[in-house]
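Chemist: after the sequence you'll find the predicted model.
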Amino acid sequence: MADKTVLEQLSYERLPAVLVSATLPDDVPFGDDPLEELSALAETAGLQVVGKLYQKLAQISPRTYIGSGKVEELARLVKNSEARVVVLDNELKPAQQKALEEACGVSVLDRTELILVIFGQHARTRQAVVQVKLAQAEYELPRLKNLWSHLERQRGALSAVGGAGERQIEVDRRLLRQRIHHMKDELEQIMRRRQVEVSRRHELFQVAIVGYTNAGKSTLMNALTNEGVLAEDKLFATLDTRTCVWRLPDHKVLLSDTVGFIRNLPHRLVASFHATLEEVLQADLLLHVVDASHPSATEMVLAVEGVLKEIGAGDRRVLMAFNKIDRVQDQPALTHLHSLYPDHVDVSARTGAGLENLRRRVQEVVEERETRVDWTFSAGNGRLLAYLKQHGKILEMDFEGDSVRVKALIEPRYLGQAAAMRDGKPA
């Protein structure tokens, strides 16, 4: 794990950094520039990119991940650029991280640790803070030995009772495991509260916005609801779920904005943020927002779908919202996306283009789940009329003397209550 002082400096000092990406023969390309996303992550974390290296690997080096020649090239680049940090767009084993730090003489972060740093910087609520700290602690646990390597030199003098570093490692491991246990307990309590909160919302149709980080999810939510959700042009600007009422032409639904996904999202983060993603698991519809102008849009969609499957939401109804349509330059690529995902709407959260079409399409999805009723009842039953207007959509209404005939659409969850009102039974 990188030096604590370096990690602390990231939040307020633009440390110079060298970025490294290594790909294997079976790796799926992600855009034309293999270091584009890592550069964006580094900038978000507060690093100043001063150098880049890329290597195609036949196989991973057990000692340093990248090849020995590339390690020498990296060490020279670090020295010449006066970099303070090296970031690899790969997940390193503790021994590989230590070997690279010894070769370069600076702190080395892998992709997982960089994302954890960003999440730590953006965590605001108690839930988000605990989730990030849990993921960080689980990341640190196998790396504790490296943090105490400076004490291992004392082992010769203390061999009769064990090295100071060895003893301290065991103490730290025990303390860290206790912290992990306590944080898991706290998150379990948060999860139960979250499940209760979400389950209480069953009376309204629930839509959860999902998508790759920086796809424009929060901007779209603001455009649809005027709720003033934080929307910044950087990765992972939103960590906490925000839910509000979204009014459609004839319905109102609950709309939730969720944390952005990313390819190779660390599994420990997915596990830690399970409570935050409860809205996704309980949603009636997932609104998958895609940056249609990005050259790697298709790969981003696949990355999001992978995370959805991992959290158990792979079977949810999905409507694709191809965002930033005003910035699309590659029309054939957009046509290809349309063919892959025919259930879609083209929108621009920035200009407002397509938003009315999106509202109508979501309303159609709501109404697909509704039951058509054709009831005749007393015209004096204003309570039932009000209920049908509030929880359904009245298609036709004809008064015939003291009776009224109503044709309406109503969700199954409200049908029993409405039928009881019609029949004069207690609620």
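Modeler: Cool, got the structure. Everything numeric in this text was worked out from a predicted model, so none of it was measured. Numbering: from 1, shown residues only.
Chemist: what count of nearby residues applies to S61?
Modeler: 15 (other CB atoms under 10 Å). The way it works is simple: take the backbone N, C-alpha and C, and place the C-beta from them, glycine included.
Chemist: same check on A135?
Modeler: By other CB under 10 Å, neighbour count at A135 equals 24.
Chemist: same question for V129.
Modeler: Neighbourhood size, V129 [other CB under 10 Å]: 15.
Chemist: can I assume it sits in a strand?
Modeler: No. Counting by DSSP: H, G, I helix; E, B strand; the rest coil, V129 falls outside a strand, being helix.
Chemist: measure it to H122 for me?
Modeler: 10 Å (CB to CB, to the nearest Å).
Chemist: R192 and K389, how far apart?
Modeler: 35 Å.
Chemist: more neighbours: these two, which one.
Modeler: The residue with more neighbours, out of R192 and K389 and counting by other CB under 10 Å, is K389; that gives 14 against 11.
Chemist: number of nearby residues for E356?
Modeler: Neighbour tally, E356, other CB under 10 Å: 11.
Chemist: now do H338
Modeler: 14.
Chemist: low pLDDT regions in this protein?
Modeler: Along the chain, segments meeting pLDDT under 70 span 1-13, 145-166, 198-203, 227-240, 268, 271-276, 426-427.
Chemist: top helix in it by residue count?
Modeler: Looking across the chain with DSSP state H, the single longest helix is helix 164-199.
Chemist: output the contacting helices and strands for it.
Modeler: Helices and strands touching helix 164-199, by 3 or more CB pairs under 8 Å, 6 or more residues apart in numbering; DSSP states H and E, are helix 126-140, helix 144-147, helix 278-282.
Chemist: nearest to R177, of those?
Modeler: Distance to R177, taken as CB to CB, is lowest for helix 126-140 among the helices and strands packed on helix 164-199, at 8.8 Å.
Chemist: quick check: closest non-adjacent residue to V28.
Modeler: Among residues not flanking V28 along the chain, E299 sits closest, at 6.8 Å (CB to CB, 6 or more residues apart in numbering).
Chemist: for the stretch 1-150 of the chain, just list every one of the helices.
Modeler: 4-9, 36-45, 68-81, 94-104, 111-122, 126-140, 144-147 (DSSP state H, counting those that start in this stretch).
Chemist: could you list the domains of this protein?
Modeler: 4-122, 126-198, 203-367, 370-422 (automatic domain parsing).
Chemist: quick one: end-to-end distance for the last one.
Modeler: So that's domain 370-422. 18 Å (CA to CA, to the nearest Å).
Chemist: can you give me how far it is from the chain middle?
Modeler: Average the C-alpha atoms of domain 370-422, do the same for its chain, and the two points are 41 Å apart (CA atoms, centre = their mean, to the nearest Å).
Chemist: all strands for this protein, in order.
Modeler: Taking DSSP state E to define them, one finds strands in the chain at 15-23, 47-56, 85-88, 107-110, 206-211, 242-247, 252-257, 285-291, 318-323, 344-346, 371-378, 392-400, 403-410.
Chemist: can you add distance to V171 and give these back as CSV?
Modeler: Shown next, in CSV, are those (distance: least, CB to CB, whole Å):
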stretch, distance to V171
strand 15-23, 31
strand 47-56, 33
strand 85-88, 29
strand 107-110, 24
strand 206-211, 42
strand 242-247, 41
strand 252-257, 42
strand 285-291, 46
strand 318-323, 49
strand 344-346, 55
strand 371-378, 63
strand 392-400, 63
strand 403-410, 63
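Chemist: can you add mean neighbour count and distance to H182 and give those strands back as TSV?
Modeler: Putting these into TSV (neighbours: other CB atoms under 10 Å; distance: least, CB to CB, whole Å) gives the following:
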stretch	mean neighbour count	distance to H182
strand 15-23	22	32
strand 47-56	17	32
strand 85-88	27	31
strand 107-110	26	26
strand 206-211	25	30
strand 242-247	16	27
strand 252-257	22	28
strand 285-291	24	33
strand 318-323	23	37
strand 344-346	19	45
strand 371-378	13	48
strand 392-400	13	47
strand 403-410	18	47
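Chemist: and of the ones you listed, who's closest to L337?
Modeler: Here strand 318-323 is closest among those (CB to CB), at 6.4 Å.
Chemist: show me how far the closest one is from its chain's centre.
Modeler: Worked out by CA atoms, centre = their mean, strand 318-323 lies 16 Å from the chain centre.
Chemist: what's that strand packed up against?
Modeler: Helices and strands touching strand 318-323, as assessed by 3+ CB pairs under 8 Å, 6+ apart, comprise strand 285-291, helix 331-340, strand 344-346, helix 355-368.
Chemist: partner strands of the first one, with direction?
Modeler: Next to strand 285-291 in the sheet, as set by DSSP bridges, lie strand 206-211 (parallel), strand 318-323 (parallel).
Chemist: residues in contact with the last one?
Modeler: Where contact means CB atoms under 8 Å, 6 or more residues apart in numbering, the residues beyond strand 318-323 that reach it are 215-216, 220, 285-292, 297, 301, 334, 337-338, 341, 343-349, 358, 361-362, 365.
Chemist: ok, the first one next?
Modeler: For strand 206-211, contacts defined as CB under 8 Å, 6+ apart pick out 198, 217, 220-221, 246, 253-258, 260-261, 279-280, 282-290, 300, 304, 308, 362.
Chemist: for that strand, C-alpha coordinates in PDB please.
Modeler: Extracted C-alpha coordinates of strand 206-211, given in PDB (Å, rounded to 0.1, in the frame of the first residue of the first chain):
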ATOM      1  CA  GLN A 206     -39.600   3.300  -8.500                       C
ATOM      2  CA  VAL A 207     -37.000   4.200 -11.200                       C
ATOM      3  CA  ALA A 208     -33.300   4.000 -10.400                       C
ATOM      4  CA  ILE A 209     -30.800   5.800 -12.600                       C
ATOM      5  CA  VAL A 210     -27.700   3.700 -13.300                       C
ATOM      6  CA  GLY A 211     -24.700   4.200 -15.600                       C
END
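Chemist: relative to helix 164-199, how tilted is that strand?
Modeler: Going by axes from the mean of the first three to the mean of the last three CA atoms, to 10 degrees, strand 206-211 is angled at 140 degrees with respect to helix 164-199.
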